[in-house]
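Chemist: Please work out how this folds:
(one chain, ligands or ions: 1)
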Amino acid sequence: MKKPFVTREKAEEIKKQIPTPFHLYDEKGIRENAEAVKEAFAWNKGFREYFAVKATPNPALLKILGEYGCGCDCSSLTELMLAEACGFTGDDIMFSSNVTPAEEYKKCAELGGIINLDDITHIDFLEETIGYIPEKISCRYNPGGTFKITNDIMDNPGDAKYGLTTEQLFEAFKILKSKGAKEFGLHAFLCSNTVTNEYYPLLARTLFEIAVQLKEEVGVHIGFINLSGGVGIPYRPDQEPNDIRVIGEGVRKVFEEVLVPAGMDDVCIYTEMGRFMLAPYGGLVTTAIHEKHIHKEYIGCDACAANLMRPAIYGAYHHITVLGKEDQPCDHKYDVTGSLCENSDKFAIDRMLPKIDMGDILFIHDTGAHGHSMGYNYNGRLRSAEVLLRPDGSFVQIRRAETPKDYFATLDGTEEYKKMFGGV
Ligand SMILES: *Cc1c(COP(=O)(O)O)cnc(C)c1O
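Modeler: Numbering: from 1, shown residues only. Alright, predicted model coming up:
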């Protein structure tokens, strides 16, 4: 059973100050998990988690993760700006971008971040853009085909736009070496949301074997291997959560089997997890404001897909708890919807829940990553606030909700804007 990290009582208390909907984050859970990740890979001296900023780009949360040694994985100008403003610089930043505009390579180079090239043509593009090839540089690998765990196809790298082919990878490392690069990194992201402890160890084997070949055939010094993101979480109550200790131990075994005998025991392991770091420690708190009985039973709430897009675009399952009714039988079948003029705006379809009364507070689980950050403004809907629940039970708003003025801000300077907001 999935348990919310907040009670109805606490949610009501927060709601008095910060109206629903809002994303609520559990600081205690975030800290415990960050510590567990650190411990799971403590066997590797240079281990570092570069939190994927796109998952939850909030300064308060980035700083908490920073306390556990995490850096930032960025892939856009504004993500770089945010990392910089939060005090991350130099090696604290991994820039795993693709289709990268010139100005973003410039910004990353200025910060001294580690550039992870997504394509062989970017070697020349980068050199023309910033005038040199950094001494420390990484390439993203795409082996093609399908990624299987035992017989199950987990994902389809052959269809993914990212990375270099095996042949290109060897060529790229030769070119980078000839242009003065001294320390090399290898990166791959082959499967998303893997709810199994086997993904990282399997990926690690692929990358470690390639790294040994690169060392032997191209004569490059591999400084780090980046397993990127993709470690999943159990969105459904019947799924078994990953155990990061088992995962870390699995990677260690492969490290000792493949890298150590090749004289590569100094390689640093990096990760770029987003979902695993934060998703379970966030929830979307929303109030039931309408009920509708037509061909189906509908509960309408004050959040909509603009606050959480995953169900609408991926058909993703997010568990829902009706706060205060945790012990009541789930004997009502509902579609739980938002207000968008778009029928995909449903947080749940045919979901068995306790009887919902107007004013009930729903807790939509696992929105701590790829939740608020994916939000958008369709129908002129505004993005919600973000609130941090402290370990001592107090709470603090870490991002306010958007207002109409934010929504119209890019019209500033027009006559219409002046009519709406006066002056300016
Ligand atoms: C999105 C992304 C991640 C994080 O993925 P999760 O599934 O949240 O772990 C890491 N690295 C890169 C390059 C990404 O694009």
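Chemist: Show me the protein divided up by domain.
Modeler: Domain assignment of the chain by automatic domain parsing yields the ranges 27-278, 280-409.
Chemist: Which one of those lies nearest to the ligand?
Modeler: Closest of the domains of the chain to the ligand is domain 27-278, at 2.4 Å (criterion: C-beta to the nearest ligand atom). Using the backbone N, CA and C atoms, a C-beta is placed for each residue, glycine as well.
Chemist: next one: the closest one to chain centre, how far?
Modeler: 13 Å (C-alpha atoms, centre = their mean, to the nearest Å).
Chemist: Same check on stretch 303-318?
Modeler: Relative to the centre of its chain, stretch 303-318 is centred 15 Å away, using C-alpha atoms, centre = their mean.
Chemist: burial measure for Ile361, as a count.
Modeler: Close neighbours of Ile361, defined as other C-beta atoms under 10 Å, add up to 23.
Chemist: give the contact list for it.
Modeler: Residues counted as contacts of Ile361 (C-beta atoms under 8 Å, 6 or more residues apart in numbering) are Arg8, Ala11, Glu12, Lys15, Thr20, Val285, Thr286, Thr287, Ala288, Val322, Leu323, Gly324.
Chemist: Apart from its chain neighbours, what residue comes closest to the third one?
Modeler: Okay, so that is Glu12. Sequence neighbours aside, Ile361 is the residue nearest to Glu12 in space, at 7.1 Å (criterion: C-beta to C-beta, 6 or more residues apart in numbering).
Chemist: Just the mean pLDDT for the lengthiest strand in the chain, thanks.
Modeler: Ranked by residue count under DSSP state E, the longest strand found in the chain is strand 282-293. For strand 282-293, mean pLDDT rounds to 98.
Chemist: which secondary structure elements does it contact?
Modeler: Judged by 3 or more C-beta pairs under 8 Å, 6 or more residues apart in numbering; DSSP states H and E, strand 282-293 is in contact with helix 8-17, strand 22-26, strand 297-301, strand 361-364.
Chemist: Now render the ones you listed as JSON lines, adding distance to Pro101.
Modeler: As requested, those are exported to JSON lines (distance: least, C-beta to C-beta, whole Å):
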{"stretch": "helix 8-17", "distance to Pro101": "40"}
{"stretch": "strand 22-26", "distance to Pro101": "29"}
{"stretch": "strand 297-301", "distance to Pro101": "38"}
{"stretch": "strand 361-364", "distance to Pro101": "35"}
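Chemist: Asn142: which of the ones you listed is closest?
Modeler: For the helices and strands packed on strand 282-293, distance to Asn142 was read as C-beta to C-beta. The smallest value, 32.9 Å, belongs to strand 22-26.
Chemist: tally of neighbours for Ile313?
Modeler: 10.
Chemist: I'd assumed Val195 was in contact with Gln239.
Modeler: Yes: under the criterion of C-beta atoms under 8 Å, Gln239 makes contact with Val195 at 5.3 Å.
Chemist: Quick check: closest non-adjacent residue to Leu323.
Modeler: Arg8 (3.8 Å).
Chemist: and the one you found, what is it in contact with?
Modeler: Residues counted as contacts of Arg8 (C-beta under 8 Å, 6+ apart) are Leu323, Gly324, Ile361.
Chemist: Could you do Lys106 as well?
Modeler: By C-beta under 8 Å, 6+ apart, the residues touching Lys106 are Thr129, Ile130.
Chemist: Wait, a strand at it?
Modeler: No: looking at Lys106 with DSSP: H, G, I helix; E, B strand; the rest coil, it is helix, so not inside a strand.
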